[in-house]
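>>> structure for the following, please:
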Amino acid sequence: MKILVLGATGFIGGTVLAAVVEANEQELAGATVTALVRRQSSETDAARETKLRSRFGFESTSKTAGKAVKKSFNIEFFAGLEAIDELEEIVRSYDIVINTADACDDLPAIQAILRGLGARAISNRFDGSVTVPVLIHCSGTGVIMDSALGEPDVDGKTIYADDDIAKITAIPPTNIHRDVDLIVAGAESSFRIKTVTFVPPLVYGLGRGLFKRHSGQIPGLIRNCLANGQAEFIGKGLSKWSNVHVVDLAQAFLHILCRVICDPDSVDNGYYFAESGELSWKEMAQGVADAAAKNAPVNLKSKIAVSLQLETDAKIRFPNELARHFYSSNSRSRAVKIRKLGWTPSVGNEIPLSEDLEREIQYQIDLIGSSN
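Residues are numbered from 1 along each chain as shown. As a prediction, the model looks like this:
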């Protein structure tokens, strides 16, 4: 079994790579796991390869139920997602592709991946193999994001459960991520491959990868607080986002990976959410304020999170329209399907987002200090 991980140097992808390479699941015995890494300078590439090899080596062995689980680890460099011909050619050599690259809306890259897996499927059938190539694609719950402008979802209309097929199907094709998600789902019939789409919410926690270990979502609120001396939210701040710890998310990927290997019929090609809780933007902002108040270097003008008016202050703090939309929206997901398959968010239950903020704010303070 040959497994390719795209986005292996990223926040989610690095943690997924670690989960897969270091897993002791028997389904992965004999697998070859390859990290696909964007080519940079020869010096940078050598440094990255050295770092990856020092962590994962060339071969890893773990034990489960007294049986050894051996896996091989490889690194492959490529020109980037925009090099679609090269990407397609690389993908043709793999049975399973896990796409966690940041550019989840990169349609040409996704189409290249699907063509590569489709070619693999044809080759398998020609050789008499029954193996069906698989794409595990990472999207995001921005696809169910509304325009609440900080208003609460009183009756739960914005809650999406991944087993509610009718509600999922009704998501407009114009929503962010949705066009690519529909193409991925449709590839099962058009390319005769298997596809699974993970749709993570707000992802937090310390990643287990080797390069990017921090998310880009909550740190935005923290940097805003450190720069302006107060934590802030937009409007009433009562709209909510679901969240998941990055390690739990990686375990969800691993769980589905093992399922598509040993029992592919138990995994459908629809959306799979992964979440362990939800908070309003006001609650998150107040959590940032509380965490900042515990750190002596931070001089807060207010220990109470402050509301920003959407048409005035918010435009100054968040000049990017998509950022304003994000920080004032609802995106509420319920991971029903993967829980039925046995996944549980163990780390998030121990370290909820509200408790992880202090670690993250200290990191951001240290980061600012090191750059001065």
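>>> which parts of the stretch 1-150 of the chain are helices?
Secondary structure of the stretch 1-150 of the chain (DSSP state H, counting those that start in this stretch): helices located at 11-21, 42-56, 84-91, 107-126.
>>> residues in contact with G116?
87-92, 94, 97 (CB atoms under 8 Å, 6 or more residues apart in numbering). Quick note: C-beta positions are derived from backbone N, CA and C, even for glycine.
>>> give me the nearest residue to it, chain neighbours excluded.
With sequence-adjacent residues excluded and distances taken as CB to CB, 6 or more residues apart in numbering, G116 is closest to V91, at 2.9 Å.
>>> how about R178?
Closest to R178 by CB to CB, 6+ apart is V143, at 5.3 Å.
>>> ditto for K294
K294 sits nearest to E358 (CB to CB, 6+ apart), 6.3 Å away.
>>> double-check that that neighbour belongs to a strand.
No - judged by DSSP: H, G, I helix; E, B strand; the rest coil, E358 forms no part of a strand; its state is helix.
>>> longest strand of this protein?
Looking across the chain with DSSP state E, the single longest strand is strand 67-78.
>>> now for that one, which elements pack on it?
strand 32-38, helix 42-56, strand 59-64, helix 84-91 (3 or more CB pairs under 8 Å, 6 or more residues apart in numbering; DSSP states H and E).
>>> which one of those lies nearest to T9?
Closest of the helices and strands packed on strand 67-78 to T9 is strand 32-38, at 6.0 Å (criterion: CB to CB).
>>> relative to that closest one, what are the paired strands and their orientations?
strand 2-6 (parallel), strand 67-78 (parallel) (DSSP bridges).
>>> residues making contact with it?
With contact meaning CB under 8 Å, 6+ apart, strand 32-38 is reached by 1-6, 8-9, 17, 20-21, 45, 48, 52, 71-80, 90, 94.
>>> can I have the buried ones of those as a ChimeraX selection?
The command below creates a ChimeraX selection of those among the contacts of strand 32-38 that count as buried (16 or more other CB atoms under 10 Å):
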select :1,2,3,4,5,6,8,9,17,20,21,48,52,71,72,73,75,90,94
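>>> and I159, what does it touch?
So I159 contacts 153, 332-334 (CB under 8 Å, 6+ apart).
>>> look up phi and psi at it.
The phi/psi pair for I159 (degrees, to the nearest 10) reads phi -80, psi 130.
>>> per-residue confidence at it?
For I159, the pLDDT comes out at 98.
>>> may I see the buried residues of stretch 204-213?
Buried residues in stretch 204-213, counted by 16+ other CB under 10 Å: 204-210, 212-213.
>>> and what of stretch 170-183?
Neighbour counts over stretch 170-183 (16+ other CB under 10 Å) mark 171, 176-178, 180-181, 183 as buried.
>>> only alpha carbons, please: show stretch 309-326 as PDB.
Coordinates of each C-alpha in stretch 309-326 appear next as PDB, following Å, rounded to 0.1, in the frame of the first residue of the first chain:
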ATOM      1  CA  GLN A 309     -19.200  47.800  15.200                       C
ATOM      2  CA  LEU A 310     -19.100  46.000  11.900                       C
ATOM      3  CA  GLU A 311     -19.300  49.100   9.700                       C
ATOM      4  CA  THR A 312     -16.700  51.100  11.600                       C
ATOM      5  CA  ASP A 313     -14.200  49.700  14.000                       C
ATOM      6  CA  ALA A 314     -14.300  46.200  12.500                       C
ATOM      7  CA  LYS A 315     -13.200  47.500   9.100                       C
ATOM      8  CA  ILE A 316     -10.200  49.000  10.700                       C
ATOM      9  CA  ARG A 317      -9.200  46.000  12.700                       C
ATOM     10  CA  PHE A 318     -10.000  43.500  10.000                       C
ATOM     11  CA  PRO A 319      -9.600  45.300   6.600                       C
ATOM     12  CA  ASN A 320     -10.000  42.000   4.800                       C
ATOM     13  CA  GLU A 321     -13.700  41.400   4.100                       C
ATOM     14  CA  LEU A 322     -13.400  37.600   4.300                       C
ATOM     15  CA  ALA A 323     -11.800  38.000   7.700                       C
ATOM     16  CA  ARG A 324     -14.600  40.100   9.000                       C
ATOM     17  CA  HIS A 325     -17.100  37.600   7.600                       C
ATOM     18  CA  PHE A 326     -15.200  34.700   9.300                       C
END
